[in-house]
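Q: what shape does this take:
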Amino acid sequence: MRTILQINSSIYSANGQSSKLAALLVAKLRATSPEAELIVRDLGREPLPHLDAERFGAFLAKAEARTPAQHAAVRQSDALIEELQRADAIVLAAPMYNFGVASQLKAWFDHVARAGITFRYTAKGPVGLLAGKKAYVVTTRGGKYAGTGQDHETPFLRQFFGFLGITGLEFVYAEGLAMGEAPRSEALSDAREAIGRIAAEALVAA
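A: Coordinates of the predicted model:
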């Protein structure tokens, strides 16, 4: 792989457990591809503005009709999309907050989902324009939700990335982090083992 995009969405920035595990996965992936460029987008340290009417209008407006503020909004969105387009692999640190993704991650989604650029509408429905990329999702949770009806995060992430054409998602779960020291330690250890397996598979595929 030539370029890895790491996206941290923890409110604790690089100090969040999801960010630390994602960094470990990135380090192991780069060990299999030492020449790979790394782009880090930390949404906790540099949060994006949430979508509002003017910003959404900027995405829809013709360039010559945009206000200066709308031009700035589009430039910001374009920069985020360019990072995503360049990436061969995406490593997403996505802690679960209140049964879903962090609001700062949702804001990132709203900036990179642009009709005609990252997806397009057809007579048969939407088609993603970012096919061929691999995505790894590292998600941390205070409780245990994977495989239950309370896990709204996993299907949402699969649907969103699939909407952009990115269908090859792999998930690493670290659950029960708020359930006591022993479950926390075991969950983090299991997550590190899963990361090791993913890196080994990436080495075989390289």
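
Q: which stretches of the protein have low pLDDT?
A: The chain contains residues with pLDDT under 70 at 204, 206.

Q: neighbouring contacts of the lengthiest helix in it?
A: Secondary structure of the chain per DSSP state H: the longest helix is helix 181-205. Residues external to helix 181-205 that are found in contact with it (CB atoms under 8 Å, 6 or more residues apart in numbering): 17, 21, 24-25, 28-29, 31-33, 136, 138, 170, 172-178. Glycine gets a C-beta too; all of them are placed from N, C-alpha and C.

Q: 6 Å instead?
A: Identification of contacts with helix 181-205 by CB atoms under 6 Å, 6 or more residues apart in numbering yields 21, 24-25, 28-29, 32, 172, 174-177.

Q: do you have the strands of this structure handy? List them.
A: 3-8, 37-42, 89-93, 119-122, 125-128, 134-140, 168-174 (DSSP state E).

Q: can you list those strands in CSV and add distance to residue 70?
A: Converted to CSV, the strands of the chain look like this (distance: least, CB to CB, whole Å):
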stretch, distance to residue 70
strand 3-8, 25
strand 37-42, 22
strand 89-93, 28
strand 119-122, 21
strand 125-128, 24
strand 134-140, 30
strand 168-174, 33
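
Q: the ones you listed: which one's closest to residue 79?
A: Distance to residue 79, taken as CB to CB, is lowest for strand 37-42 among the strands of the chain, at 9.8 Å.

Q: measure how that closest one sits relative to strand 3-8, angle-wise.
A: Counting by axes from the mean of the first three to the mean of the last three CA atoms, to 10 degrees, strand 37-42 points 20 degrees away from the direction of strand 3-8.

Q: returning to that earlier point: return the set of buried residues in the longest helix of the chain.
A: The neighbour-count check on helix 181-205 (16 or more other CB atoms under 10 Å) flags 184, 187-188, 191-192, 194-195, 198-199, 202 as buried.

Q: check stretch 108-115 too.
A: 108-114.

Q: JSON lines for these, including distance to residue 9?
A: Output for these, formatted as JSON lines (distance: CB to CB, whole Å):
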{"residue": "108", "distance to residue 9": "7"}
{"residue": "109", "distance to residue 9": "10"}
{"residue": "110", "distance to residue 9": "13"}
{"residue": "111", "distance to residue 9": "13"}
{"residue": "112", "distance to residue 9": "13"}
{"residue": "113", "distance to residue 9": "16"}
{"residue": "114", "distance to residue 9": "20"}
